[in-house]
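1. Got a sequence here, can you model it:
(chains A and B)
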2 protein chains.
Amino acid sequence: MTYRAPVSELQFLLRDVLGYGRVTETERFAEAAGEMTDAILTEAARLAEEVMAPLQRAGDLHPARLENGVVRTSPGFADGYKAIAEGGWVGMTADPEHGGMGLPLTLATGVNEMMHSACLALALNPLLTQGQIEALEAHASDEIKATYLPKLTSGTWTGTMNLTEPQAGSDVGALRSKAVPNGDGTYAVSGQKIYISWGDHDVAENVCHLVLARLPDGRAGTKGISLFIVPKYLPDEAGNPGKANSLRTVSLEHKMGLHGSPTAVMEFDGATGWLVGAEHGGMAAMFTMMNNARLAVGVEGLGIAEAATQKAVAFALDRVQGRVPVEGGTGTILDHADVRRMVLRMKALTATARGICLDTALSFDMAQATGGEEAKTWAARGAFLTPIAKAHGTDIGCEVAELGIQVHGGMGYVEETGAAQFYRDVKVTTIYEGTNGIQAMDMVARKLMDGGDAARAMLAEVQATADRAAGSDGALAPLGAALGRAVEAVAETLDWMLGAEMNDRFAGARPFLTAFGHLLGGHYLLAAALAGDSAERVALARFQIMQILPGVGGLCLSAQQGAEPLYAFPADALTA
Amino acid sequence: MTYRAPVSELQFLLRDVLGYGRVTETERFAEAAGEMTDAILTEAARLAEEVMAPLQRAGDLHPARLENGVVRTSPGFADGYKAIAEGGWVGMTADPEHGGMGLPLTLATGVNEMMHSACLALALNPLLTQGQIEALEAHASDEIKATYLPKLTSGTWTGTMNLTEPQAGSDVGALRSKAVPNGDGTYAVSGQKIYISWGDHDVAENVCHLVLARLPDGRAGTKGISLFIVPKYLPDEAGNPGKANSLRTVSLEHKMGLHGSPTAVMEFDGATGWLVGAEHGGMAAMFTMMNNARLAVGVEGLGIAEAATQKAVAFALDRVQGRVPVEGGTGTILDHADVRRMVLRMKALTATARGICLDTALSFDMAQATGGEEAKTWAARGAFLTPIAKAHGTDIGCEVAELGIQVHGGMGYVEETGAAQFYRDVKVTTIYEGTNGIQAMDMVARKLMDGGDAARAMLAEVQATADRAAGSDGALAPLGAALGRAVEAVAETLDWMLGAEMNDRFAGARPFLTAFGHLLGGHYLLAAALAGDSAERVALARFQIMQILPGVGGLCLSAQQGAEPLYAFPADALTA
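-> Residues are numbered from 1 along each chain as shown, chains lettered A, B, ... in the order given. All right, here's what the predicted structure looks like:
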């Protein structure tokens, strides 16, 4: 069983469900229209299937390791990375001025899904570089851009993000790393950073660290933090890697999964760095890349969900246990109702994550390609959807990977099968780039600061889908009605949130986010059924609306309980 | 952070919530009353905390391995096993006639919870032996009993169960292993068995395999299967291990978790075995131990849930990130509403699993200690609760372990913390001893063959708790009303099940089982609040009923959709 990239599904979704044509009709993305999109998806599919998927298990079995201060990556990863870089995939969305392809984020999201399905541990490397490119494009000086962007875009150098410190995880403002001006325009950066994905490796000639640190006059908290670019090797006059910088890889983490991705503890000891963006403006610079990075992590959940589903389906279609007299059955365990239920749940959840992630990306493309009020509305839509894409997308990744093991039975618990690796690999996606709890807090706080406008606009889109279905003939009509009822429940909870104290919102944030995610699942799957009208699309929409959407009512009720009940449990009784 | 056995919680539950006094008031279990129960729990707690918990990580880091045909277990496991055996714990529930302690299963379930929390990989060994003891007590000849039971009860020898073959997993009837009479009362047993937990090891002097195989005249399917005991070393005339039998360990599985428990592929090549029970009566013999084994696996989920909760709480109380102005707060991340929510969810789910498991065990004790109609009613109650204890208990184990990682944030994904090990270890419990899907099918088919009597009696018990709460003053009254509404929803779904075709039941079996599990959670937690009336018990009941129980309505709706929607998705579109 090997991974098969869902190219035609992506094409259908983009073209017939999400209105991707609106993106390529803009001047900004005109080049990505029609055949170009098909060619990109087809070529990325080939890379994912033929180059990356064969590396998936090697990365797990032979983790990256630290030897004499140097990280040696998993067998085959260097060649795999080379293929990614040579194909131009690192610079997919980067500015053509520095060698990028300038593709829409929507298309890049489809490509990322495939890469994440095939080999997430390796795919993280170009993904991190993409984030760095974005930050430099938006905030770096022309000189830095000229030095770094061509190297990063071509994949000759790679990028990392250095935020976390042992005492500063979700609370970034607690960081202690320092940056002292050297007097020559550079800074001496010192401090220890942890959880640095691809912090060191042997697949490219230089590693460029974006490091958050505090200037001597930087005040406490997030408002005193600045951003620096700190390369492993200092560029010489010709722009090639020169003298080694004062930084080192202290150790690699022994993680539950993603063994092929080296997660480093980095020590900066007066390392030479250059300021990116304004002094004390580090968090603002981080935030520009944060939304896309969060979306990208949601896509990681999606990618693993798709791969886990494919593996489970292939296993189920090959496995015979017991007999069920089902007309037109497969003769395999897929004829058992509960196995069908699991597989359809995997497919419905995966399709949900795909719809949310692509639609979020599309919002950002439209925000970039349009202007004025229209751009603002699209940006707000993307910003609102982002925590849902991240948290619900990765929750889905975990649930689908778990179902994947379950479909395999005992074989799922044996590592050779590969189902367990998905389960181990995907779990970190609910944690990094802001835990899913943080995403939910972001959703009910920052993302409702517009008085709920973006949320209500999204609910109106879902209602429109419900109305279209309700007004249609046949099987989709009752599904439209059910989706409409779920919209009401979520809208009512939204109103409750808007009227509630902040900690009461936080108390219900997770169930609210999940409810909204399920609602969007109904929206995209029903829209797909309306657009495609094939037996499987209708059946999948029906499954989502009858088996998953009914959970929305309970989640909305839970979301409105407020914080008081949580604190009624005495803290000193927690350890009793 | 080390594991602390919840002795006082178990004592409270047994005494004040579950009516364990009814067990020790019987003649059969009179010796287990009062101080005896306390002494057993205290002594088991000491073993779990001091001897077993320190082995947990060693088992994970240094898996059992096969060397020249012999299994070498993890460092320290041999000594740990010795302590378990010498303490008499292997024979906890065994007949005193052969050296057992003859304790109630309810009490043994409390002890098992602690052992599973401390080190599940090691605890599996005595657990399997307990199952074998039970099977031999019920079905073996006096001669076999006399030879094996004293050795097994004392832990001098250990026991395994050999059911699964590559082509015969959930479908046991498809097995191909053969047994041919040798003419001297013994049988030559041949075949390959997989997933044999503790199939070989170096912690005791003999390994006794209970093997399902087909006699020459055994017909196809489950009705042609017989049960044999096949020891690694044939007992000599003095009853000591003599000549090696014709069997071998082919390989050990490379599993996602439970590394300390060797999972063997066993090859029997004309090995000498003795029939246990009637010819072709193997499945019946297996079924007598199946209920208890399934309960025991539910307790595995419970044990890991408790341990994961303790670890997460200890971490959270030690971790400072961000500031939340909460009056009387802890100054740690536990002041964040979402962390509180996660921790209370872990505690509520764990308490649910504990209530269900102990109450199931109590049913079997009462069935054994009473007679006539009363015994039948208790047996039916235990039989009905068993699939819920197994499936909901292990689902809870998985969810709580996942929340445990989430509470730890990035640290949860790093293996040194131990949270990830729980997550990896517990997953197999949803698979073995009948997948959770099989449990749900058992619940809606076999366990409703009484026309729903046992289910309705259980619902009446929940309703009685709801009524008691509804009739009380203060905070518990509205909780009683909410629980009563959930009883109605489940009762209505039960009626639907009873009127439905079998495959329609199967299609909704999983959501129905989960709904019933949540309902029982409300029942036990509310009963505990009524009995204990402490702030934390009231708060936990309130959390369960306001945050978890609201899911019951949606689950009941999903449970009643029937099979047709599952088959409406064309099988050939599954791979598209």
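
2. Send me stretch A:31-42 as CSV with only the CA atoms.
-> These are the backbone C-alpha positions of stretch A:31-42, laid out as CSV (Å, rounded to 0.1, in the frame of the first residue of the first chain):
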residue,chain,number,x,y,z
GLU,A,31,-0.8,33.0,-13.9
ALA,A,32,-2.0,30.3,-11.6
ALA,A,33,-5.2,29.7,-13.6
GLY,A,34,-6.4,26.5,-15.1
GLU,A,35,-3.7,24.4,-16.6
MET,A,36,-1.1,25.8,-14.4
THR,A,37,-3.0,24.7,-11.3
ASP,A,38,-3.4,21.2,-12.7
ALA,A,39,0.2,21.0,-13.6
ILE,A,40,1.3,22.1,-10.2
LEU,A,41,-0.9,19.6,-8.4
THR,A,42,0.1,16.8,-10.7
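
3. Contacts for it next, please.
-> Contacts made with stretch A:31-42 from outside it, assessed by Cβ atoms under 8 Å, 6 or more residues apart in numbering or on different chains, are listed as A:5, A:7, A:10-11, A:14, A:20-21, A:23-25, A:102-104, A:107, A:110-111. For the C-beta atoms, the positions are set from N, CA and C on the backbone; glycine is no exception.

4. Now flag whichever of those is closest to residue A:415.
-> Ranked by distance to residue A:415 (Cβ to Cβ), these are led by residue A:5 at 24.4 Å.

5. Next up, phi/psi of the closest one, please.
-> Listed backbone geometry of residue A:5 is phi -70, psi 130, with angles given as degrees, to the nearest 10.

6. Name the secondary structure element that contains residue A:270.
-> According to DSSP states H and E, residue A:270 maps onto strand A:263-276.

7. ok, that strand: who's next to it in the sheet?
-> Within its sheet, and counting by DSSP bridges, strand A:263-276 is paired with strand A:187-197 (antiparallel), strand A:225-231 (antiparallel), strand A:247-252 (antiparallel).

8. now for the helix or strand that it is followed by, which elements pack on it?
-> Per DSSP H and E, the first helix or strand lying C-terminal to strand A:263-276 is helix A:282-316. Secondary-structure packing of helix A:282-316 (3 or more Cβ pairs under 8 Å, 6 or more residues apart in numbering or on different chains; DSSP states H and E): helix A:105-139, strand A:206-214, strand A:225-231, helix A:337-369, helix A:372-408, helix A:419-426.

9. Buried residues of helix A:282-316, list them for me.
-> The neighbour-count check on helix A:282-316 (16 or more other Cβ atoms under 10 Å in any protein chain shown) flags A:282-286, A:288-316 as buried.

10. Next: stretch A:37-57.
-> The neighbour-count criterion (16+ other Cβ under 10 Å) identifies A:37, A:40-41, A:44-45, A:47-49, A:51-53, A:55-57 as the buried residues of stretch A:37-57.

11. residues in the stretch 101-250 of chain A within reach of chain B, list them.
-> For the stretch 101-250 of chain A, the contact set with chain B under Cβ under 8 Å from any Cβ of the partner chain comprises A:164, A:167, A:168, A:169, A:170, A:171, A:174, A:194, A:195.

12. what sits against residue A:332?
-> When contacts are counted by Cβ under 8 Å, 6+ apart, residue A:332 touches A:316, A:317, A:318, A:319, A:320.

13. Mark which of those are buried, thanks.
-> With burial judged by 16+ other Cβ under 10 Å, the buried subset of the contacts of residue A:332 is A:316, A:317, A:319.

14. Residue A:234 should be in a helix, yeah?
-> No - per DSSP: H, G, I helix; E, B strand; the rest coil, residue A:234 lies outside any helix segment and is strand.

15. Run a quick neighbour tally on it.
-> Here the neighbour count serves as a burial measure; for residue A:234 (other Cβ atoms under 10 Å in any protein chain shown) it reads 16.

16. ok, now the one 3 residues further on?
-> Residue neighbour count, defined by other Cβ under 10 Å, stands at 6 for residue A:237.

17. Then residue A:239?
-> If you count neighbours by other Cβ under 10 Å, residue A:239 ends up with 12.

18. what's the answer for residue A:62, then?
-> Burial of residue A:62, expressed as a neighbour count using other Cβ under 10 Å, amounts to 16.

19. What separation is there between it and residue A:72?
-> Here the criterion is Cβ to Cβ, to the nearest Å. By it, residue A:62 lies 9 Å from residue A:72.

20. With residue A:356 instead?
-> When Cβ to Cβ is the yardstick, residue A:356 and residue A:72 sit 37 Å from each other.

21. the more surrounded of those two?
-> Looking at residue A:356 and residue A:72 with other Cβ under 10 Å, you find the greater number of neighbours at residue A:356, namely 28 against 18.

22. Would you agree that one is in contact with residue A:390?
-> No - under the contact definition of Cβ atoms under 8 Å, residue A:356 does not touch residue A:390, with a separation of 9.6 Å.

23. Contacts only, for residue A:176.
-> Contact criterion Cβ under 8 Å, 6+ apart gives A:165, A:167, A:168, A:191, A:214 as the residues in contact with residue A:176.
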